[in-house]
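**Student:** What follows is a predicted structure for the sequence shown.
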Number of protein chains: 2
Amino acid sequence: MSWRKDQGRAERGYHHGNLKEALLQAALDLISKKGPAGFTFADAARMAGVSPAAPYRHFRDRDELIASIAQRGFEQFESLLTQAWDDGRPDTVSAFERVGKAYLAFAREEPAFYSAMFESGLPVDSNPTLMAASERAFAIIRAAAERLAALAPPGTPRPPAMMMALHIWSMSHGVASLFGRGDAARRKLPMSPEDLLEAEVLIYLRGLGFLTDRKPGAAAADEKPAGPWGKPK
Amino acid sequence: MSWRKDQGRAERGYHHGNLKEALLQAALDLISKKGPAGFTFADAARMAGVSPAAPYRHFRDRDELIASIAQRGFEQFESLLTQAWDDGRPDTVSAFERVGKAYLAFAREEPAFYSAMFESGLPVDSNPTLMAASERAFAIIRAAAERLAALAPPGTPRPPAMMMALHIWSMSHGVASLFGRGDAARRKLPMSPEDLLEAEVLIYLRGLGFLTDRKPGAAAADEKPAGPWGKPK
DNA sequence: AGCTCATGTGAACGGCTTTTACATGAGCCG
DNA sequence: CGGCTCATGTAAAAGCCGTTCACATGAGCT
């Protein structure tokens, strides 16, 4: 029988060989299951099959592990937002909408990353590289806002792009953290978080003078003059 | 000399006499200092001058204490919002603005309550009375939105009040949790959170067709047609 | 005066974080 | 190939926390 080379996953001798990665992975699992507060350093070690002291060879302490996860989260987040923005294609407004949806999707599909990034309670500016990653992610939203601001209808004052970006961020984050996650902190809603956010952003953009009633090419002529929140079904 | 009736705060014999209250107070101090995660049951007991087991006579466990604080927080929150709304005086829009400011003020001035309410990680629906308190607070925003919706300019479709209320809540919460607290999670801003939120709400309301450029009675005629975000100084 | 029950204590268990001294063996150098 | 070295892992221990249980105390009622 297979002995001494097969218990668990990949057998290992004294050295794990890939512990850092294994710990990050384990932490992700645990955080998504029990929240960033419930996550335990010792648990992660156990899950990786090492002693409780081993992780300290790779992370100064528990907080540093969480910060590492938050950092990776911001990197994935940035990549997701970049992809959603797609450089403003096919049109600026709908690409902008996609960014908002991507924000929610990330919060829902990567709750572990999301809570490490925004709900772990560790100060963003504790780690400069963490801060930088966070700013790179935000820069995507800012760039999108910049493009949108440039399209402001002539005659009206041009809104500051930075302010727009902060507004969009706060809306997305507000919706995500209040209503966004599957079952944690659930409150009843008359509509999906996605629809809620979409309507919010559209109304906001309209307040800035953007024409958001419908996409140019879509079949829209037969709709009654409805608000951006759609018609009551 | 005053002896045996005066050490520390109020002397106490075997029984504390007011432990539950003292624990809640101690927890508030600790949470505002070290966040809801850093708060420790044993610390609170120590601060109240009792043994670590004593709190269990008043709270089933640590979570129940935090839930109690969250509940009180929602109650104070409700009262603050009610006061800010002031039944829509002197006019609906500016009262609405005041509610937004009150939201931020609460987050800033009562960080312990705020984080117990929104960042402690405990499910809102764990405790029915907690849930109820939360809903009573939200009901204020909803009532305000209701009044606002009734003022929608004739001819335009009337926005659903519930949706408006959720939008306002998410904006306020987003700004408060991303930028609202003194030094925790600080990110640089080109403007104060209050101004940021005010502009956001005004733009949003304008997107719904409300005339928010200036208050009816105020001196407004000499302003240039600027956006709701004020003029660049 | 005496009883009772809410409230507080002390001790103990298990778990977590973190440190320290020690063990292992992978990679390199001659 | 032999041996050195240092990154990586272990065991043990200290200190803290949450939680429980048997027991002590005394406030308030009868």
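**Tutor:** Cool, the structure landed.
**Student:** now residue A:166: how far from residue A:88?
**Tutor:** Relative to residue A:88, residue A:166 is positioned 19 Å away (C-beta to C-beta, to the nearest Å). Bear in mind the C-beta positions are built from the backbone N, C-alpha and C, glycine included.
**Student:** Repeat that for residue A:39.
**Tutor:** From residue A:39 across to residue A:88, the span is 38 Å (C-beta to C-beta).
**Student:** who has more neighbours, the two?
**Tutor:** The neighbour comparison of residue A:39 against residue A:88 (other C-beta atoms under 10 Å in any protein chain shown) goes to residue A:39, with 25 against 16.
**Student:** ok now do residue A:82, which residues does it touch?
**Tutor:** Counting by C-beta atoms under 8 Å, 6 or more residues apart in numbering or on different chains, residue A:82 makes contact with residue A:140.
**Student:** What does the pLDDT read for it?
**Tutor:** Note on residue A:82: pLDDT of 97.
**Student:** Point me to the helix or strand that includes it.
**Tutor:** Using DSSP states H and E, residue A:82 falls within helix A:62-85.
**Student:** So that helix, near DNA strand C or not?
**Tutor:** Yes - contact between helix A:62-85 and DNA strand C, assessed by C-beta under 7 Å from any atom of the strand, occurs at A:62-63.
**Student:** Next, see if that helix gets close to DNA strand D.
**Tutor:** No - figure legend: helix A:62-85 not in contact with DNA strand D (C-beta under 7 Å from any atom of the strand); closest approach 11.9 Å.
**Student:** Run the chain-centre distance for stretch A:152-163.
**Tutor:** 27 Å (C-alpha atoms, centre = their mean, to the nearest Å).
**Student:** does residue A:101 sit in a helix, a strand or a coil?
**Tutor:** Here residue A:101 is helix, with the state taken from DSSP: H, G, I helix; E, B strand; the rest coil.
**Student:** Just give me the neighbour total for it.
**Tutor:** 16.
**Student:** does any bit of stretch A:155-174 sit next to chain B?
**Tutor:** Yes - under the criterion of C-beta under 8 Å from any C-beta of the partner chain, chain B is reached by stretch A:155-174 at A:156-157, A:159-160, A:162-163, A:166-167, A:169-174.
**Student:** near DNA strand D, which residues of chain A show up?
**Tutor:** Within chain A, the positions adjacent to DNA strand D are A:14-17, A:19, A:50-54, A:57-58 by C-beta under 7 Å from any atom of the strand.
**Student:** Now do the buried residues in stretch A:85-101.
**Tutor:** Using 16 or more other C-beta atoms under 10 Å in any protein chain shown as the test for burial, stretch A:85-101 gives A:85, A:88, A:92-93, A:95-101.
**Student:** How about the contacts made by the spatially most central residue of chain A?
**Tutor:** What sits nearest the mean C-alpha location of chain A, by C-alpha atoms, centre = their mean, is residue A:106, with 4.1 Å. Applying C-beta under 8 Å, 6+ apart to residue A:106 gives the contacts A:76-77, A:80, A:113-114.
**Student:** Which of the helices or strands spans it?
**Tutor:** helix A:92-109.
**Student:** Taking their axis directions, that helix and helix A:62-85 sit at what angle?
**Tutor:** Relative orientation of helix A:92-109 versus helix A:62-85 (axes from the mean of the first three to the mean of the last three C-alpha atoms, to 10 degrees): 150 degrees.
**Student:** Would you map out the domains in chain A?
**Tutor:** With domains defined by automatic domain parsing, chain A comprises A:17-59, A:68-207.
**Student:** Out of those, which one sits most buried?
**Tutor:** Comparing the domains of chain A by mean neighbour count (mean count of other C-beta atoms under 10 Å in any protein chain shown), domain A:68-207 comes out on top with a mean of 19.
**Student:** distance between the ends of that domain?
**Tutor:** 39 Å (C-alpha to C-alpha, to the nearest Å).
**Student:** try stretch A:83-98
**Tutor:** Start and end residues of stretch A:83-98 are separated by 9 Å (C-alpha to C-alpha).
**Student:** Settle this for me: residue A:59 is touching residue A:23, isn't it.
**Tutor:** Yes - counting by C-beta atoms under 8 Å, residue A:59 sits close enough to residue A:23 to count as a contact (7.4 Å).
**Student:** what do these two both touch?
**Tutor:** The contact sets of residue A:59 and residue A:23 overlap at residue A:65 (C-beta under 8 Å, 6+ apart).
**Student:** In which helix or strand does residue A:139 reside?
**Tutor:** Taking DSSP H and E as the criterion, the element that holds residue A:139 is helix A:128-150.
**Student:** Output the contacting helices and strands for that helix.
**Tutor:** With contacts taken as 3 or more C-beta pairs under 8 Å, 6 or more residues apart in numbering or on different chains; DSSP states H and E, helix A:128-150 sits against helix A:62-85, helix A:92-109, helix A:161-179.
**Student:** Kindly reformat these as a markdown table containing distance to residue A:201.
**Tutor:** Below are the helices and strands packed on helix A:128-150 laid out as a markdown table (distance: least, C-beta to C-beta, whole Å):
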| stretch | distance to residue A:201 |
| --- | --- |
| helix A:62-85 | 13 |
| helix A:92-109 | 5 |
| helix A:161-179 | 6 |
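**Student:** can you give me the end-to-end distance of stretch A:44-60?
**Tutor:** One end of stretch A:44-60 to the other measures 15 Å (C-alpha to C-alpha).
**Student:** try stretch A:107-115
**Tutor:** End-to-end distance for stretch A:107-115: 8 Å, by C-alpha to C-alpha.
**Student:** Touching it from outside, list them.
**Tutor:** Stretch A:107-115 is contacted from outside by A:27-29, A:31-32, A:35-36, A:69-70, A:72-73, A:76-77, A:106, A:176-177, A:180-182, A:184, A:193, using C-beta under 8 Å, 6+ apart.
**Student:** Check stretch A:149-169 too.
**Tutor:** The contact list for stretch A:149-169 (C-beta under 8 Å, 6+ apart) reads A:92, A:96, A:99-100, A:138, A:141-142, A:144-146, A:148, A:201, A:204, A:208-211, B:171, B:174, B:178-179, B:189-191, B:196, B:199-200, B:203, B:225-227, B:229, B:232.
**Student:** All set, thanks.
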